[in-house]
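**Student:** For reference, the sequence and a predicted model appear below.
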Amino acid sequence: MKIFITYDYELFFGHPTGSAEKCIIEPTNQILAIAERTGIKMVFFIDTGYLKQLENYRNQFPKVAKEHDLVKEQIQNLTTKGHDCQLHIHPHWEDVKHNGENWEMNTSRYKLDDFNDDEIVKIVQEYHTILSRWTNQPIHSYRAGGWCLQPFNRIEKAFLNVGLKIDSTVFRNGKFTAGNYYYDFTDIPNKSKWKFQDDLCKENTNGAFWEYPISNHFYKPLFFWRLFILGRLQPDLHKPIGDGFPMPSPGMRKTMLTKGMNLSAGVDGYFVTKLDKIIKQNKAKGFEETIIIGHPKANTKFALKRLEKFINKHKNKDTFLTFQSIAEEL
Ligand SMILES: [Zn+2]
């Protein structure tokens, strides 16, 4: 099995957003230490709208200048150590302001589809340029903020324009269309990767892009009860390191606790406990790839411990890869 451990490198988008130190720097350093001890490389999808605003405000506010330098230093450290930094776009950063103390989040235009055609091309182009400059690496892979990349025919041109060739946004059976979200992955190829052109859920063998979908899992209500209760009973082990709040996902918590929910295969918090099962299920389906998603901000002491165990268990029989390591062959 080819396993890709991928992290979305970002703040929270609710109020407050949390600090760069707690949401990004500190947990990423802990993840890096695990990567170093186990000798594997990981993918970091960098929320590049955040980098744009760090650059915008660094000369205006000392607090942002400090934040900018910390993040810049860490991203340089990631690339120096051979990790793969790729493009993650939360276009609502276009509407975010800093008041000298905090980021004032505005998520009313949360997905690329909330912008007009010219703006979509401009945002993808600009963010691609910024991340290329920050990383000095070829940027060819993408993950959409909040899994929102539909309808893709509105975004196809922007992807072609900057030479993106891999996307890792889709997860099987994922569907959420409330609040600022819109994604529907209920009808996708029964494969662990496919080529596509104007619809990321539809295989097109002549397509310009590859979809590497994130693995999925149906988490039962009991799982979510455990997750929420452990956070209360053993906060030291089970409370996320990040100190912010997420953007609201209307109705999601209730669905989780009453019906359970199909979600992307996560390495965050208690989700890490299902990884072995997910690998096994993917092997049974004949899949060659398993993509796992995480967020430094959502990590817990418990999750980091279990992640290291998971990598050590799998690193001899499976291969841990990055998109950088496969992009040239595609
Ligand atoms: Zn994100």
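**Tutor:** Yep, it's here.
**Student:** going forward, measure contacts between C-alpha atoms and count neighbours the same way
**Tutor:** Fine.
**Student:** In contact with the residue nearest to residue 70 when sequence neighbours are not counted: list those residues for me.
**Tutor:** The shortest distance from residue 70 to any non-neighbouring residue, by CA to CA, 6 or more residues apart in numbering, is to residue 25 (7.4 Å). Contacts for residue 25 (CA atoms under 8 Å, 6 or more residues apart in numbering) come out as 70, 71, 74.
**Student:** do the same with residue 320
**Tutor:** 2, 3, 4, 5, 40, 41, 42.
**Student:** would you turn these into CSV with secondary structure, distance to residue 231 and neighbour count?
**Tutor:** Output for the contacts of residue 320, formatted as CSV (DSSP: H, G, I helix; E, B strand; the rest coil; distance: CA to CA, whole Å; neighbours: other CA atoms under 10 Å):
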residue, secondary structure, distance to residue 231, neighbour count
2, strand, 32, 16
3, strand, 28, 20
4, strand, 27, 21
5, strand, 24, 22
40, coil, 29, 19
41, coil, 29, 22
42, coil, 27, 23
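**Student:** Which among the contacts of residue 25 count as buried?
**Tutor:** 71, 74 (16 or more other CA atoms under 10 Å).
**Student:** Just the contacts of residue 25: which are in helices?
**Tutor:** Secondary structure defined by DSSP state H assigns 70, 71, 74 of the contacts of residue 25 to helices.
**Student:** Go ahead and report the secondary structure state at the residue nearest in space to the middle of the chain.
**Tutor:** The centroid of the chain falls nearest to residue 8 when counting by CA atoms, centre = their mean (3.0 Å). State at residue 8, reduced to three classes by DSSP: H, G, I helix; E, B strand; the rest coil: strand.
**Student:** List the contacts of it.
**Tutor:** Residues in contact with residue 8, defined by CA under 8 Å, 6+ apart, are 44, 45, 46, 47, 88, 293, 294, 295, 296.
**Student:** quick one: residue 79 and residue 135 touch, right?
**Tutor:** Yes. The pair residue 79 and residue 135 qualifies as a contact (CA atoms under 8 Å) at a distance of 6.6 Å.
**Student:** Under the pLDDT cut-off, which ranges of the stretch 51-200 of the chain? List them.
**Tutor:** Low-confidence segments of the stretch 51-200 of the chain (pLDDT under 70): none present.
**Student:** Centroid-wise, who is the farthest residue in the protein?
**Tutor:** Ranked by distance from the centre of the chain (CA atoms, centre = their mean), the top residue is residue 60, with 29.3 Å.
**Student:** Look up how far residue 66 lies from the nearest residue to that residue once chain neighbours are set aside.
**Tutor:** Nearest non-adjacent residue to residue 60, counting by CA to CA, 6+ apart: residue 100, 8.0 Å away. Counting by CA to CA, to the nearest Å, the gap from residue 100 to residue 66 is 12 Å.
**Student:** follow-up on the earlier one: with respect to residue 246, which of the contacts of residue 8 is nearest?
**Tutor:** Checking these against residue 246 with CA to CA, the nearest one is residue 295 at 12.0 Å.
**Student:** how far away is the closest one from residue 209?
**Tutor:** From residue 295 to residue 209 the distance is 25 Å (CA to CA).
**Student:** Turn the contacts of residue 25 into CSV, columns for distance to residue 190.
**Tutor:** Output for the contacts of residue 25, formatted as CSV (distance: CA to CA, whole Å):
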residue, distance to residue 190
70, 42
71, 38
74, 37
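**Student:** wait, what's in contact with the residue nearest to residue 60?
**Tutor:** Taking CA under 8 Å, 6+ apart, we find residue 100 in contact with 60, 61, 62, 63, 64.
**Student:** can you tell me which of the residues you listed are in helices?
**Tutor:** 62, 63, 64.
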